[in-house]
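Trainee: build me a model:
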Amino acid sequence: MPAKGEFPGTGVKGNGISENIRSQAEWVSRLKSSGCQVCHQLGNKATREIPANLGTFKSSTDAWEHRVQVGQAGPFMMTQINAMGRRALMMWGDWTDRIKAGELPPAPPRPQGFERNVVITQWDYGDAKKYTHDANSTDKRNPTVNANGPIYIAAEVSTDNLFVVDPVRHVAYAVEIPVRDANTPLAVGPTLPKPSPYWGNEPIWTGKTTPHSSMMDERGRVWTTSRIRPDDTPAWCRGGSSPPSAKNYPVTTNGRQLSVYDPKTRQWTLIDTCFGTHHLMFDDKDVLWFTNQAVQGDGDVLGWFDTKMYAATKDEQKSQGWAPFIRDHNGNGRQDAWVEPGQPLDPAKDQRISSPALYSVVQNPVDGSMWQS
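Mentor: You can find the predicted model right below:
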């Protein structure tokens, strides 16, 4: 890890750390929670060694530069590397060389006391060509729901399946997530920047629905942010339509919508949303709230879906709403006409705030307000 004194980075003509990385903590974040370790278990055999079939390279740094371009995830990995700077490749190359020469990390202490009582049970599911992103097993508002029941696991772009693990019966299976529009495209294209050392030029990710996160309701149904159609929104999401949210802030595209799976009937219900969906959370009135971080489209909003209204009416249009983020710049306590992000401020108007990086949402149990991070 670069020393604290090497930040902010000085770029390609300096220490090789991106000038946009301002601190050692930000470097660690790029490596862990917002970067490499989101997908990879750094230090396992697949990362600490350079496989022979990857190719022949002048240095381990060059080998790492090639490695992070392989497979369908190559473009995403290169985006992360470019954000950190070439110094990351140099340090990983040095790490690989030291391991190859026989260097080992210090042995960790053996478990002591109650630590020795810990028992870990593991279940296998899916297959070697798939990965999973998020898991859900209960209603967070009442964690006795689905006690000892199945665990539902979202597979994001790798496949159109919701994986299910039954920890009592020790069985695992997959439930296919449907789309409403057969023309829904693949989430990740079949083009590979570099062939994989494991799968060659085979595009192993075949998903369209991109199931990202899920929440369970009081009936044990699984609400999942998933794609049901291509990116263009229906007419009722756009300007000139009747829904109040569309009149206030029309939305023309988004990259993920909503679905709900009922384990009792084994049926899916697909729900179109004008806003893009990413993480979701129930409030105390059975309304689902959504952030749309990194979802393609012009949403840049906070969205909500009233599941009680939908149960009573089956009307997906009336059951949802969304709102842009507006700063009360003129201080009159209400929303008025606003200036767009980047435009000069107007003392008579409010200001719209662009918030594409909102990650999660949760309800404040004291006053019922919704908070986003």
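
Trainee: which residue, neighbours along the chain excluded, lies closest to Asp346?
Mentor: The shortest distance from Asp346 to any non-neighbouring residue, by C-beta to C-beta, 6 or more residues apart in numbering, is to Val339 (5.4 Å). Heads up, the C-betas are built off the backbone N, CA and C, glycines and all.

Trainee: and the strands in the stretch 251-373 of the chain?
Mentor: Taking DSSP state E, counting those that start in this stretch to define them, one finds strands in the stretch 251-373 of the chain at 257-262, 267-271, 280-282, 287-290, 301-306, 320-327, 338-339, 350-353, 361-363, 370-372.

Trainee: show me what the fifth one is packed up against.
Mentor: Put plainly, it is strand 301-306. If you count contacts as 3 or more C-beta pairs under 8 Å, 6 or more residues apart in numbering; DSSP states H and E, strand 301-306 packs onto strand 287-290, strand 320-327.

Trainee: winner for burial among those?
Mentor: A comparison of the helices and strands packed on strand 301-306 by mean neighbour count, using mean count of other C-beta atoms under 10 Å, puts strand 287-290 on top with a mean of 24.

Trainee: how far out from the middle of the chain is that strand?
Mentor: 17 Å (C-alpha atoms, centre = their mean, to the nearest Å).

Trainee: assign Gly245 to helix, strand or coil.
Mentor: Quick fix: residue 245 is Ser, not Gly. Using DSSP: H, G, I helix; E, B strand; the rest coil, the three-state assignment for Ser245 comes out as helix.

Trainee: I'd assumed Thr273 was in contact with it.
Mentor: No: under the criterion of C-beta atoms under 8 Å, Ser245 is not in contact with Thr273, lying 10.6 Å apart.

Trainee: between the two, which contacts overlap?
Mentor: Common contacts of Ser245 and Thr273 (C-beta atoms under 8 Å, 6 or more residues apart in numbering): Gln320.

Trainee: of the two, which one has the most company?
Mentor: Using other C-beta atoms under 10 Å as the criterion, Ser245 and Thr273 rank with Thr273 on top: 27 against 21.

Trainee: now that one. Nearest residue, chain neighbours left out?
Mentor: Gln257 (4.7 Å).

Trainee: ok, the one you found - contacts?
Mentor: Listed by C-beta under 8 Å, 6+ apart, the contact partners of Gln257 are 225-229, 270-273, 276-277.

Trainee: pLDDT and distance to Ala348 for those residues - can I get that in JSON lines?
Mentor: Listed next are the contacts of Gln257 as JSON lines, based on pLDDT from 0 to 100; distance: C-beta to C-beta, whole Å:
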{"residue": "Thr225", "pLDDT": "96", "distance to Ala348": "38"}
{"residue": "Ser226", "pLDDT": "96", "distance to Ala348": "42"}
{"residue": "Arg227", "pLDDT": "96", "distance to Ala348": "41"}
{"residue": "Ile228", "pLDDT": "98", "distance to Ala348": "41"}
{"residue": "Arg229", "pLDDT": "97", "distance to Ala348": "40"}
{"residue": "Leu270", "pLDDT": "98", "distance to Ala348": "44"}
{"residue": "Ile271", "pLDDT": "98", "distance to Ala348": "39"}
{"residue": "Asp272", "pLDDT": "98", "distance to Ala348": "37"}
{"residue": "Thr273", "pLDDT": "96", "distance to Ala348": "33"}
{"residue": "Gly276", "pLDDT": "92", "distance to Ala348": "31"}
{"residue": "Thr277", "pLDDT": "93", "distance to Ala348": "35"}
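
Trainee: which of those sits closest to Thr159?
Mentor: Ser226 (11.8 Å; C-beta to C-beta).

Trainee: how many residues are close by that closest one?
Mentor: Neighbours of Ser226 (other C-beta under 10 Å): 30.

Trainee: hey, what's the residue nearest to Thr273 bridged with?
Mentor: Partner residues in beta bridges with Gln257, using DSSP bridges, are Ser226.

Trainee: hmm, back to that, quick check: the farthest pair among the contacts of Gln257?
Mentor: Every pair of the contacts of Gln257 checked by C-beta to C-beta; the farthest is Leu270 and Gly276, at 15.5 Å.

Trainee: so between the two, which is more surrounded?
Mentor: Gly276 (30 against 19).

Trainee: my guess is the more buried one meets Asn254, correct?
Mentor: Yes: if you go by C-beta under 8 Å, Gly276 and Asn254 touch, sitting 3.5 Å apart.
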